[in-house]
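**Student:** have a look at this prediction, sequence included:
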Amino acid sequence: MAALQPASVDDLSTALRDSTGVVSTRGAGTRSRWGGLGATPDVVIDLAAMNHVVEHAVGDLVVTVEAGVLLDDLQRCVGEHGQWLALDPPIGGTIGGLLATADSGPRRLRFGTPRDLLIGVTVVLADGTVARSGGKVVKNVAGYDLGKLFTGSYGTLGVIATATFRLHPVLPARRVVSVESDTPWPAVREVLRSPATPTAIDYDGIRLHVLIESSESAVDAQADAVAALIGGTVTSDHPGGIGSRPDRTADSMVVKLTFRLSALDEVVAAVREEAGHVPLQAHAGSGVLWAALPCDGALLDRLRHLTASYDGAAVVVDAPDEAKRSLDLWGPVRGLDLMRRIKAEFDPDNRMCPGRFVGGI
Amino acid sequence: MASDPVADGGAFDAHHPPSQALIDDCVHCGFCLPTCPTYLLWGEEMDSPRGRIYLMNAGLDGEPLDDTMVRHFDQCLGCMACLTACPSGVQYDRLIEATRSQVERRHPRTRRQRALRTLVFNLFPYPRRLRAVRPLLRTYQRSGVQRLVRRLNLPPAMASMERLLPPLTPPVPVAEHRPAEGEQRARVGMLLGCVQREFFSAVNAATMRVLAAEGCEVVAPSLQGCCGALSLHMGRETEAIAFAKRLIETFESLAVDAIIVNAAGCGSSMKDYGWVLRDEPGWAERAAAFSSKVRDVTEWLVDLGPAAPRNPLQLSIAYHDACHLGHAQRVREQPRQLLRDIPDLQLREIAEAEICCGSAGVYNLLQPETARELGARKAVNVAATGAEALVTANPGCLMQIATALEEQGTPMPLWHTVQLLDASIRGVPRPER
Amino acid sequence: MADLSAPLAAIATAAADKLGPDAVVTERAALRTYECDGLAAYRCIPGLVVLPRTTAEVAFVVRRCHELGVPFVARGSGTGLSGGALPVETGVLIVMTRMTGIKEISVDDERAVVEPGVVNLNITRAVSGDGYLYAPDPSSQQVCSIGGNVAENSGGAHCLKYGFTAHHVTGLEVVMPDGSIERFGGLAADPPGYDVVGAFVGSEGTLGVVTEVTVRLLRRPETVQTLLAAFRSMDDAGTAVSAIVAAGILPSAVEMMDDLSIAAAEAAVRCGYPDGAGAVLIVELDGPSAEVQADLAAVERMCSDAGAFELRVAVDEAERVAVWKGRKSAFAAMGRISPDYIVQDGVVPRTSLPEVLRDIAALSAETGIRVANVFHAGDGNLHPLVLFDESKGETDRAESVSRRILDLCIDHGGSITGEHGVGHDKKKHMGRMFSEVDLDVMQRVRCAFDPAGLCNPGKVFPTPRLCGERPGRKSGVHPLQAAGVAEIF
């Protein structure tokens, strides 16, 4: 198995073009266990040397980085100008890994997920072809949006070499309104319908936390209003309840459940019923819930059936190897046939991370 | 683009074709589509103002005036909602008028179409003929014959006419002259109309009373004839010109400050006489002078300012903008203001207010199916307001919506704006029929 | 029907039978009314027009087209500005204006499921009683359809803060180019697999026909403040915008109009913008009251500091509508100050705006062709309106100016289209923004969806790609080129 460490897009192109066999991509390794087991790679492309911030256009709130840049480093860099990339997954990792898995954190409520912030991308395909899509400006509808296609593709279409994002101004002041609850949906609903514009609403299984971020002069008014609405207490700390995702253990799997917003309590109740008080984290205003569950195929099926009835899904993001071998990690996938055709167009020789993704892709 | 507006074999001849310059004002933006009743019903480009303008342009370019083209022009209601919506200021009213004239002159109609038009245009613009058939129609309604006839399968136009006929009541006398009450503020002429005069004389009576109560001396010569609106809107140019001239002659010798009109369609045409008579030698100034005095009754009353005290009317009403008042004359605020000035009267707005009820002159006779659909749509929206009664300013609308409401099973009283004012001024709880 | 080719006649007969005769249009005069969309410069009479009412009907027509190798184009309200709905002469135009049902609204889930012919503004109207709205608001929103919005990834003045259609669509039902029906995404977030919805939005009708759209609904903000600021020059206005951005304020919209556009808007809708303004800025802020009030004070200060000679804050909804009226009618109003005009759509990085505007002014002076500027100052999306008089032979010069403005956009690292799409109009410019390889790779997506190349052919890409081709090697003439349906630029 060859390990290659390209230092530039051209290097990367050469590396892919001149190699044969199965390819796997590596950033900081923080999400390398996500998805299917995948075929053993013949070539590992390590992006550690492609870790430069290419351009930060401060006045335009746009940044272009190589995919090996660590999210934390990017934030530090643009933070010097009071800006940030509005993504807060609990795992840092590289930009490439973040995009490949489309990971996100609590603030997706307000700012979206990686595909909503990506405005341009350079990718390299298995045969070394380098292609760009999008650009450096936020408003751009020229051509197809390959960036969206590659985001969340688990490396199966090619390697993301550089990415351009739109940035947001940092919101300086922060308050958290917290309330204990077993059935948080009514409170969540109240907050969503209220004039408040929280950046996150997270539920950790015990407490509901509403994150208000704004200017110093305006933050308290909102926080107080929300507190009055849901009967919560206001702190200015950033408690562990926001942003901490359950970890996989030796005998549990991390499952991501998605569902229509109003089904929150039903999904929480189902998780409780199936697995007791396991660690969970729900982005309550986004219809997303992460839980660490026992590796039980029947349990997974039942939860999958439930979330499907709420138009959602249940995906096993990480699990022990044997579980990955025996479980259906992704569940039913709408449009799978088309996805196979897309894969065939981009990677006809099936070199890129085979077996990591849906339907054996 | 045609530099010569009349191409060989093309749809239009050289006598007042739709103007290329006006057509070129259209930038194809489509803002007119959502307000066009036929587009709302069918979703087809050729039955939208944008599409009809496109057809006119194609006609100027040499496309023939075939049945297809004529059908789409005929299906236009002439409601002028597009006029209100258009950001480029396209004068669609001029375009459709010119087009209809061309169609009337150049496109052969079927025998049935001709028969219907002959019947309509030999009856409706002639108050005396309407008066003559009144007693026959009354008998028809009050005897059992109407019930029998309604069970028959009449041809659509006849069925439509039959349905729309309002319940006829004994005519209310309207004097030729009425002095002002209290201090005289103006002397006005009043149009009596044709259908209004013979089928809705109560509205004319109420109009006169209200004008008098507001200090106007009112002159309503009995000899007056039709204003020609129906003819003008249907492209019957010669007829329209003749009616216009006679009406101008009737009123210009009366030395009035204004000529008051209580029917939306009539007022709209009368304000346009300058254009109608533009080719007639010696008439331009007379027409302009006449038109400058034409006012809708609600416009006039708001301009004058209320003098007679208003008594409360415990009533909730929905106000329907007749197209030729709201779109063509842009008179929307004045009736509402007058109604709001009546204490205790609750005014409710109708959803899809800008969409025509389907009356559109005699559209409901010539295109009865489409008119029926639009009437039904309007009836749903009217009933949804929960109002006890409907108020509108055009006899055509009144008949159309009354019929539709009845067919929907939600009948309600329908009155003209001026009838409510009359009731309020006289201190009676409801307008009289 | 005597004029129809055999395949088209077959489709017409089948469609009349299955959809009803009132769903099929074959008369020449009627077909002509469909020969262009909002960009009347390009016209092509469709071979046939059908107006389906259901997904099944759409699938039926597309399947027949696929079986017979007949190209097809989908059309919504026909207000697009890049010729995306320009028909194909030998093909079928599928008009979606009868699919106007709002199938489901769930305010709790913040979702609505609608048919593609639903007018954009009608979605907001349907939920405004609950205090919600659908965010993307193109200026044509009273007439444009959501299906068209999906095709073009439409934005609107408020996309600065709220994003475009792609950010507000979570699910699609699509009739694929072979006539099969697929669903992607839905009411919930993050559907497993590739982000097909993301790839489809903005694909300009080339990957399939949308028959159902699931959209996100947003809570109406507590407070909206709209400020109209009048400046003597565009430079001053630009300075104010930079200051706003640098202060970390994110307005929901920042629009700028120059003196020519102000004049046109005034003539059209009498918006009453301040006299003597070389430029006006419309800044809208929305959100929780306290935030908005603080931001408004800051914005007013920055505008004054940059030289604004008049500031007006709308006191109620009626005044707000009045402020926006001028901006929203700007394009259509051009007809009042010029017999002809080209609406251009380009993007430059916001920081390059002052320089680009100066370059445009210089271009205008050099050629004697007036250019009115209306644009989204917050994100650098320009809409230069190139004014000319065809009867004075100014067309070529105007088109040259329009092209050179796009050059400026590309030279400054921007885009050839911010909102209106590539369609037919800008195919020829794609090669200046993307390399041949870039375009080839993008078209692989198209091959996955539409290997037969029948779905809205001849749009977006200057050179059609033969599916199944190896990259880099082109073999022979593409059949669509041979058929005269597509061209190489």
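**Tutor:** Sure, I can see it. Residues are numbered from 1 along each chain as shown, chains lettered A, B, ... in the order given.

**Student:** secondary structure element for residue C:421?
**Tutor:** Using DSSP states H and E, residue C:421 sits within no helix or strand.

**Student:** dump the residue contacts of residue 262.
**Tutor:** You didn't say which chain, so I picked chain A. Taking C-beta atoms under 8 Å, 6 or more residues apart in numbering or on different chains as the definition of contact, the neighbours of residue A:262 are A:185, A:189, C:106, C:108, C:109. (Each C-beta comes from the backbone N, C-alpha and C, glycine too.)

**Student:** I was thinking of chain B, sorry if that wasn't clear
**Tutor:** B:190, B:191, B:193, B:196, B:203, B:204, B:207, B:296, B:297, B:393, B:416, B:418.

**Student:** now do the same contact list for the most centrally placed residue in chain C.
**Tutor:** The geometric centre of chain C, computed from its C-alpha atoms, lies nearest to residue C:420 (C-alpha atoms, centre = their mean), at 3.5 Å. For residue C:420, the contacting residues are A:141, C:80, C:81, C:82, C:152, C:343, C:345, taking C-beta under 8 Å, 6+ apart as the criterion.

**Student:** and the residue nearest to the fourth one when sequence neighbours are not counted, how far is that from residue C:332?
**Tutor:** Using C-beta to C-beta, 6 or more residues apart in numbering or on different chains and skipping the chain neighbours, the partner closest in space to residue C:82 is residue C:423 (3.0 Å). Separation of residue C:423 from residue C:332 (C-beta to C-beta, to the nearest Å) stands at 19 Å.

**Student:** quick revisit: gap between the residue nearest to the centre of chain C and chain B?
**Tutor:** Plainly put, residue C:420 is 13 Å away from chain B if you go by C-beta to the nearest C-beta, to the nearest Å.

**Student:** count of neighbours near the nearest residue to residue A:173 once chain neighbours are set aside?
**Tutor:** Nearest in space to residue A:173, with sequence neighbours left out and distances taken as C-beta to C-beta, 6+ apart, is residue A:219 at 4.1 Å. The burial count assigned to residue A:219 is 22, neighbours taken as other C-beta atoms under 10 Å in any protein chain shown.

**Student:** what does the closest residue in space to residue C:383 that isn't next to it in sequence show for phi and psi?
**Tutor:** Ranked by C-beta to C-beta, 6+ apart and with sequence neighbours excluded, the top spatial neighbour of residue C:383 is residue C:374, at 4.8 Å. In this entry, residue C:374 is assigned phi and psi values of phi -130, psi 130 (degrees, to the nearest 10).

**Student:** next up, the contacts around residue C:374.
**Tutor:** In this structure, residue C:374 makes contact with C:255, C:256, C:257, C:258, C:261, C:327, C:330, C:331, C:383, C:385, judged by C-beta under 8 Å, 6+ apart.

**Student:** that one pairs with what?
**Tutor:** Residues found in beta-bridge contact with residue C:374 (criterion: DSSP bridges) are residue C:257, residue C:383.

**Student:** quick revisit: list only those of the contacts of residue A:262 flagged as buried.
**Tutor:** Buried members of the contacts of residue A:262, scored by 16 or more other C-beta atoms under 10 Å in any protein chain shown, are A:185, A:189, C:109.

**Student:** next SSE after the helix or strand the second one falls within?
**Tutor:** Taking DSSP H and E as the definition, residue A:189 sits inside helix A:185-193. Using DSSP H and E, the helix or strand that follows helix A:185-193 in sequence is strand A:200-203.

**Student:** after that next one, which helix or strand is next?
**Tutor:** Using DSSP H and E, the next helix or strand after strand A:200-203 towards the C-terminus is strand A:207-214.

**Student:** need the residues that contact that following strand.
**Tutor:** Contact partners of strand A:207-214, identified using C-beta under 8 Å, 6+ apart, comprise A:106-107, A:171, A:173-181, A:184, A:187-188, A:191, A:196, A:198-203, A:219, A:222-223, A:226, A:230, A:232, A:239, A:241-242, A:284, C:288, C:290-291.

**Student:** can you rerun that using 7 Å?
**Tutor:** For strand A:207-214, contacts defined as C-beta atoms under 7 Å, 6 or more residues apart in numbering or on different chains pick out A:106, A:171, A:173-181, A:184, A:187-188, A:191, A:196, A:198-202, A:219, A:222-223, A:226, A:239, A:241-242, A:284, C:291.
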